[in-house]
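Chemist: Attaching a predicted model along with its sequence, questions to come.
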Amino acid sequence: MRYWLEFSPASQRHLRALTVRQQQIVLTAIEQQLLYEPMTETRNRKPMRSNPLASWELRIANLRVYYDVVEEVDPPLQIVRIRAISVKERNKIFIGGEEVDL
C-alpha cells in the first residue's frame, strides 16, 4: 500500500535552504524510498535511537531526512511525516544551517 507524504513546515524550510541540486536528490530519494514500506530497515533507512526529532532516518550521501510513520485507523491512512532535512559534515549535523545534536 502506498503511503502519503506530509512535509512539516520546518522541513519545507530546511529543503529550501539546500541547493537546487540537493533538493532534487532529496525529493527523488524520498519518492523512491518512502512511498512504499518506509518502516523496512535497509542500508540507507534506519530507525533512530530515542530523540525528540524523529523515529526514522533516511541517508542520502551527506544528506539526511528524518521522518515518522503514522498509521491511522479511522479513516485508514498511512502517512510518512517528514520532520527535518539535514546536511551531515563529518560528525556534525546541520539542520537549516544550524548545528544540531541528536
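Modeler: Good, I have the coordinates.
Chemist: State the pLDDT value of the residue positioned nearest the centre of the chain.
Modeler: Note on the chain: the residue nearest the mean C-alpha position is residue 65, at 2.7 Å, using CA atoms, centre = their mean. We have a pLDDT of 97 for residue 65.
Chemist: doesn't residue 28 make contact with it?
Modeler: No. Using CB atoms under 8 Å, residue 65 is not in contact with residue 28, being 11.5 Å away. (C-beta placed from N, C-alpha, C; glycine too.)
Chemist: hey, what's the residue nearest to the centre of the chain bridged with?
Modeler: Beta-bridge pairing for residue 65 (DSSP bridges): residue 58, residue 85.
Chemist: show me what contacts it?
Modeler: 26, 29-30, 34, 57-58, 82, 84-85 (CB atoms under 8 Å, 6 or more residues apart in numbering).
Chemist: how does it look with 7 Å?
Modeler: 26, 30, 58, 82, 85 (CB atoms under 7 Å, 6 or more residues apart in numbering).
Chemist: repeat for residue 95
Modeler: 14, 84, 86.
Chemist: how about the residue of the chain most remote from its centre, secondary structure?
Modeler: Centroid-distance maximum for the chain: residue 74 at 24.9 Å, with CA atoms, centre = their mean. Classification of residue 74 by DSSP: H, G, I helix; E, B strand; the rest coil places it in coil.
Chemist: Can you report phi and psi for it?
Modeler: Dihedral pair for residue 74: phi -130, psi 110, per degrees, to the nearest 10.
Chemist: Need the per-residue pLDDT for it.
Modeler: 76.
Chemist: cool, and the one 5 residues further on?
Modeler: The predicted local confidence for residue 79 comes out at a pLDDT of 95.
Chemist: Please identify which helix or strand holds it.
Modeler: Following DSSP states H and E, one finds residue 79 within strand 77-89.
Chemist: Could you list every helix and strand in contact with that strand?
Modeler: Counting contacts by 3 or more CB pairs under 7 Å, 6 or more residues apart in numbering; DSSP states H and E, strand 77-89 is packed against strand 4-7, helix 9-16, strand 63-72, strand 92-95.
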